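Student: sequence and computational prediction follow.
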Amino acid sequence: MAIGDFHTHSIHSDGKLSLAELSAMAARNGVQVMALSDHDSTAGLRQMATALNQYGIRLIPGVELSTDIPGSEIHVLGYFMDIDDPHFQDELLRFREGRLGRGMRMVEKLRDLGMDVSWERVQEIAGDASVGRPHVAQHMVERGHVQSIPEAFDKYIGRDGPAYAERDKLTPGQAIALINGAGGIASVAHPQYTPNLEETLAELKEQGLTGMEVYYKDLSPDRVEWLLSIATRLGLLPTGGSDFHGLGNPGEREVGRIPLPDAAVAALLASGEDRAMPIVVPGS
Ligand code: AMP
Ligand code: ZN
Ligand code: FE
Ligand code: FE
């Protein structure tokens, strides 16, 4: 059990829980400080700070950006940005809009494969959220075309699947620059999925990367040790989070149920002290 968790998702992107539900879970699990890191959206942050405040939990600003590298993608977490920075928000809006056309194209492809799915229903499931593939997957499950969300990814909407569609994404260097430009720091999410990891991270560090996610979800002590050794060699700040979505996928960990040491929590908070927004003030 950890006192911090710096990678979580809510109904403002592809997470299942409302901000009130997510806050209650954090409190139940003894979390003292956390980040909400919705995909391409900071819309939940102020309300989340207020919801957490009643439990005495602090919120730091977070976001997760998906970026393209040849043949794969890298997710970049941003912390401590000024969430009112106009350029930063314009870019997030552009990414969310890109998700709409891309979602529509995936629904078209699924229909061409003979599935009874509709874009209207995907949007209904997503609500006001930044639309993601998990919303499409939930619709496929409810129509009985697949049994589970992972099956939807494996068979249809994963990167190599027949119904996958691309959208315009930044390069990792551009995402890092966007986050740094808004006064924040960037950390590579779930780096264990990144090809040529150490070489790639070394390059990104040159481009302004501050950290990498070492304490992730249900990662084994061996894997954590391996990632930590890379972080140490490269001088990257080891960050951690559950990546909780509440979708019940295998390996899911509740908010705070991660092997994140107190010292890593303190180190992240210290690195935020001289940044644009070290904490989200409740009720503002
Ligand atoms: P998107 O941002 O629309 O490209 O969707 C990516 C999101 O889908 C990730 O952040 C995960 O939450 C989820 N996801 C990716 N791969 C899988 C998978 N194989 N099974 C279940 N969920 C996945
Ligand atoms: Zn997600
Ligand atoms: Fe991610
Ligand atoms: Fe995530």
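Tutor: Perfect, I can see it now. Ligands and ions are numbered 1, 2, ... in the order given.
Student: buried ones in the helix or strand that contains residue 225?
Tutor: According to DSSP states H and E, residue 225 maps onto helix 221-234. The neighbour-count criterion (16 or more other Cβ atoms under 10 Å) identifies 224, 227, 228, 230, 231 as the buried residues of helix 221-234. Every C-beta, even on glycine, is put in place using the N, C-alpha and C of the backbone.
Student: ok, so of the residues you listed, who is nearest ligand 3?
Tutor: Relative to ligand 3, the closest of the buried residues of helix 221-234 is residue 227; by Cβ to the ion it sits at 15.2 Å.
Student: and the residue of the stretch 151-284 of the chain closest to ligand 1?
Tutor: Among all residues of the stretch 151-284 of the chain, residue 153 sits closest to ligand 1, at 3.5 Å; criterion: Cβ to the nearest ligand atom.
Student: number of residues surrounding that residue?
Tutor: Look at residue 153: counted by other Cβ atoms under 10 Å, it has 20 neighbours.
Student: residue 5 too?
Tutor: Using other Cβ under 10 Å, residue 5 has 30 neighbouring residues.
Student: now do the strands in the chain.
Tutor: Assigned strands in the chain, in chain order: 4-5, 33-36, 58-69, 72-79, 185-188, 211-216, 237-241 (criterion: DSSP state E).
Student: what would those strands look like in a markdown table with distance to residue 194 and mean pLDDT?
Tutor: Formatted as a markdown table, the entries for those read as follows, by distance: least, Cβ to Cβ, whole Å; pLDDT from 0 to 100:
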| stretch | distance to residue 194 | mean pLDDT |
| --- | --- | --- |
| strand 4-5 | 21 | 98 |
| strand 33-36 | 20 | 98 |
| strand 58-69 | 8 | 98 |
| strand 72-79 | 6 | 98 |
| strand 185-188 | 7 | 99 |
| strand 211-216 | 9 | 98 |
| strand 237-241 | 15 | 98 |
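Student: of all those, which lies closest to ligand 4?
Tutor: Shortest distance between ligand 4 and those, using Cβ to the ion, is found for strand 58-69: 4.8 Å.
Student: quick one: that closest one near ligand 3?
Tutor: No - where contact is defined by Cβ under 5 Å from the ion, no part of strand 58-69 touches ligand 3; the two come within 5.5 Å at best.
Student: quick one: that strand to strand 72-79, angle?
Tutor: Relative orientation of strand 58-69 with respect to strand 72-79: 160 degrees, computed using axes from the mean of the first three to the mean of the last three Cα atoms, to 10 degrees.
Student: for the stretch 151-284 of the chain, what lies in contact range of ligand 1?
Tutor: On the criterion Cβ under 6 Å from any ligand atom, ligand 1 has as its neighbours in the stretch 151-284 of the chain the residues 153, 158, 245, 249.
Student: min pLDDT across the residues you listed, which one?
Tutor: Minimum pLDDT for these is recorded at residue 249 (93).
Student: tell me how far it lies from ligand 4.
Tutor: In this structure, residue 249 and ligand 4 are 12 Å apart, going by Cβ to the ion, to the nearest Å.
Student: quick check: phi and psi at that residue.
Tutor: With angles defined as degrees, to the nearest 10, residue 249 sits at phi -70, psi 150.
Student: tell me if I'm right that it and residue 149 touch.
Tutor: Yes - counting by Cβ atoms under 8 Å, residue 249 touches residue 149, with 6.0 Å between them.
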